[in-house]
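In: Any chance you can model this:
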Amino acid sequence: MNSFDSKSFPAPLRALVVVFHRIWFAWCCLATLLIGLLALFFYFFIFNFCKGAKAKKYAYLVTKYWGKSLLGCMLVRLSSEGCEKIPTNSGSYIIVSNHASIVDIPICMSSANLQFSFLAKIEVDKLPIIGYLARNMHVYVDRKSAKSRQHTYTRMKKHLDEGQSIHIFAEGTRNKTAALLQPFYDGAFKLAIQTQQPIAVVTICNSDKVSTPKAPFLASPAQVHCIWDEPISTKGMTLEKDLDHLKAIVHDRILYNLQNYHANFQL
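Out: Sure thing, here's the model as predicted:
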């Protein structure tokens with residue numbers, strides 16, 4: 001049952017549940033602001049006094065602890081499996097996952113055992129703290145601009161060449177539908193084939209119980225689980241022959257993990 005679904009409760013209890021979720025949402029916003037300001041203090045020194053790979057490494061460590069601290073304040077209990085399947089000393093990856101909640105970002109940062117950058121939408125630039133971080137550590141894309149997409153591809157390739165992995169939410173945006181998984185965009189898979197980099201598949205289960213675009217301004221403590229699958233090699237693949245097949249393989253893996261998790265752990 002969805003954390004925000006209280007339709008079966010008596011009216012007074014439904015009202016109390018909604019009040020709790022709204023208060024918890026306000027607390028989560030406050031925690032995000034306070035922890036973000038603390039992280040911003042460290043980012044300022046990192047981006048102004050460190051250069052190159054060292055700056056990226058230190059910024060990633062700060063972001064990882066930011067994610068863990070934020071999830072702790074939100075009472076999000078995070079568990080992971082399969083992290084050992086992703087060797088940290090074997091080059092870069094295209095990390096592909098589903099996207100159901102705004103907390104997927106700190107969840108991925110907390111769960112991963114390898115350094116990576118996010119592919120972020122251009123709208124993120126307007127967000128305080130997150131926009132500053134994205135400008136210095138991650139990669140923007142404006143999907144409405146062909147020029148921006150080409151520039152983004154060049155920057156992502158540079159990240160990969162430097163041994164930095166790239167995380168892409170293959171659905172493009174948070175899932176607002178009743179389906180467990182939306183159709184995937186081609187971008188992550190084109191990048192993987194064109195650069196011949198392996199794909200690391202991670203399934204985020206239950207993050208929509210913390211926060212979901214289907215119930216704005218509500219939040220709740222929850223158990224979240226990440227499943228890491230064996231990397232998929234793209235060596236020898238071509239866009240003409242393998243793009244759709246590769247996308248289908250990853251989509252089916254994530255959908256299977258979601259279905260299995262919901263069947264075994266959801267009420």
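
In: from here on, contacts and neighbour counts on C-alpha atoms
Out: Noted.

In: mind listing the helices for the protein?
Out: 11-49, 52-73, 104-111, 130-137, 146-161, 187-195, 239-265 (DSSP state H).

In: other SSEs contacting the second one?
Out: The reference is to helix 52-73. Judged by 3 or more CA pairs under 8 Å, 6 or more residues apart in numbering; DSSP states H and E, helix 52-73 is in contact with helix 11-49, helix 104-111.

In: Counting by contacts, list what the first one packs against.
Out: In terms of contacts (3+ CA pairs under 8 Å, 6+ apart), helix 11-49 is packed against helix 52-73.

In: Equivalent analysis for the last one, please.
Out: With contacts defined as 3+ CA pairs under 8 Å, 6+ apart, the secondary structure elements packing on helix 104-111 are helix 52-73, strand 76-81.

In: please redo it, this time with the cut-off set to 10 Å
Out: Packing partners of helix 104-111 (3 or more CA pairs under 10 Å, 6 or more residues apart in numbering; DSSP states H and E): helix 52-73, strand 76-81, strand 94-97, strand 116-121, strand 165-169, strand 199-205, strand 222-228.

In: of these, which approaches Q259 most closely?
Out: strand 199-205 (9.6 Å; CA to CA).

In: any idea of the angle that closest one forms with strand 165-169?
Out: Orientation check (axes from the mean of the first three to the mean of the last three CA atoms, to 10 degrees): strand 199-205 against strand 165-169 gives 50 degrees.

In: by how many degrees do strand 199-205 and helix 104-111 diverge?
Out: 110 degrees.

In: Specify the angle between strand 199-205 and strand 222-228 in degrees.
Out: Going by the same axes, to 10 degrees, strand 199-205 makes 160 degrees with strand 222-228.

In: from the middle of its chain, how far away would strand 199-205 be?
Out: Centroid displacement of strand 199-205 relative to its chain, using CA atoms, centre = their mean, to the nearest Å, is 9 Å.

In: Name the residues of it that come out as buried.
Out: 199-205 (16 or more other CA atoms under 10 Å).

In: these two touch, right, S97 and Y185?
Out: No: taking contacts as CA atoms under 10 Å, S97 lies outside contact range of Y185: 11.8 Å.

In: Pick out whichever of those two has more residues nearby.
Out: Shown here are S97 and Y185; by other CA atoms under 10 Å, S97 has more neighbours (24 against 13).

In: Just list whatever residues bridge to that one.
Out: Counting by DSSP bridges, S97 forms beta bridges with F169, V202.

In: Neighbours of A188, how many?
Out: 21.

In: Which pLDDT value belongs to it?
Out: You'll see A188 listed with a pLDDT of 91.

In: The one 10 residues further on too?
Out: pLDDT, P198: 95.

In: coming back round to it: any idea which of the helices of the chain scores lowest on pLDDT?
Out: Among the helices of the chain, helix 130-137 scores lowest, with a mean of 68.

In: And the helices and strands packed on helix 52-73: which comes nearest K247?
Out: The nearest among the helices and strands packed on helix 52-73, by CA to CA, is helix 104-111 at 20.5 Å.
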